[in-house]
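*Asks:* for reference, the sequence and a predicted model appear below.
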Amino acid sequence: MSSAMNSINDSKQMTKAAKLLRITYIALLILALAAPMLGLYPVFVMKLLCFALFACAFNLLLGFTGLLSFGHAAFFGSAAYITGYLIKSQNFTPELGILAGALGAGLIGLVVGFVAIRRQGIYFAMITLAMAQMIYFVCLQAPFTGGEDGLQGVPRGALFGLVSLKSDTAMYYLVVAVFVAGFLAVSRIVHSPFGQVLKMIRENEPRAISLGYQVDRYKLLAFVLSSALAGLAGSLKALIMGFATLSDVHWTMSGEVILMTLLGGVGTFFGPVMGAGVVISLQDTLADKVGSWVTVIIGVIFVICVLTFRKGVVGEVQAYRERRRAAAKAAASSAT
């Protein structure tokens, strides 16, 4: 009887947690839609959402598959160049340019992933870094990228040839729509049977192999999906800012997205979004005041958070709630 009551209480608590999470997401969406009316600078929020999507894409690979890539800037930056070039030089409409950038990043991810997934751990990370540096060299030397000057003057154009994106407000709502779609896509992937297999690979790869799963195929598909989503973020960034530069494909950009994910919480849905918000806000606020010292300040904050919040900010909050739930369950069972 007590076990049945405990299961009922657990289901009620899970339902309450799901409702609270849903309400939180709805409130954040309403806040995002109302941001321009609240006086927030649209370009800053758009940049934040782009990097939040980039971090969510990286978290799909690290947090839910267990693969640490040191070269994800290659997909982010290459998509920015592809989108910028096609819109500026080939007169592509914005939606086609963004789609081409995401598909191009996915194809590059297919090639890189096919080589990298044959190794594990630090060897996997080093291969992704080496491949990313090769892509950086291509972006530096290719004639259409502008070399060290980057690809400048990318027009926003008109969405579907009808809605002009020259206005920051119009562009802002497009970015919000794409970010929500990308966030929901990551959530759907993780909660699908495919996502459950990815989690099993992360927790115990030999067991997944023993159960008959072709692990390399699952990891390769996860790598391609993560690359395409990272490319989607890079394409948006090029459209928003009107340029693509070598910093988008540099290894430091890969380090930044790792920082965002770890700071917010690996393996959580909202953690990368929060981590991106913290890092981009600090960069925007402190860049004019302390110059290059902003990287030192962010590094110190990261070290403090790693020492204090081992699971990231959102991860620690979730762990605290789990401990409280377990304590309440133990108290209820002892009382009965």
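*Replies:* Cool, got the structure. Quick caveat: nothing in here was measured; it's all calculated off a predicted structure.
*Asks:* now the helices for the chain?
*Replies:* Applying DSSP state H to the chain gives helices spanning 2-34, 42-65, 73-89, 94-116, 121-141, 168-191, 193-203, 205-210, 215-241, 251-264, 271-290, 293-308, 313-335.
*Asks:* please identify the most buried of the ones you listed.
*Replies:* Most buried of those by mean neighbour count (mean count of other C-beta atoms under 10 Å) is helix 73-89; its value is a mean of 28. In this view, the C-beta of every residue, glycine as well, is placed from N, C-alpha and C.
*Asks:* so what's the backbone phi/psi at residue 310?
*Replies:* phi -60, psi -30 (degrees, to the nearest 10).
*Asks:* spatially nearest residue to it (excluding sequence neighbours)?
*Replies:* Computed as C-beta to C-beta, 6 or more residues apart in numbering, the closest residue to residue 310 that is not its neighbour in sequence is residue 316, at 7.4 Å.
*Asks:* before we move on, the earlier item: residue 147: which of the helices of the chain is closest?
*Replies:* Across the helices of the chain, residue 147 has its closest neighbour in helix 121-141 (6.2 Å, C-beta to C-beta).
*Asks:* neighbouring contacts of the closest one?
*Replies:* Contact with helix 121-141 is made by 67-74, 77-78, 81, 108, 112, 115-117, 119, 145, 147-148, 246, 249-251, 254, as judged by C-beta atoms under 8 Å, 6 or more residues apart in numbering.
*Asks:* and with 6 Å instead?
*Replies:* 68, 69, 70, 71, 74, 78, 112, 116, 119, 145, 249 (C-beta atoms under 6 Å, 6 or more residues apart in numbering).
*Asks:* and the two most separated of those?
*Replies:* Within these, 119 and 145 form the most distant pair, 29.5 Å apart (C-beta to C-beta).
*Asks:* of those two, which one has the most company?
*Replies:* residue 145 (23 against 13; other C-beta atoms under 10 Å).
*Asks:* my read is that that one contacts residue 80, right?
*Replies:* No - counting by C-beta atoms under 6 Å, residue 145 does not reach residue 80; the two are 10.0 Å apart.
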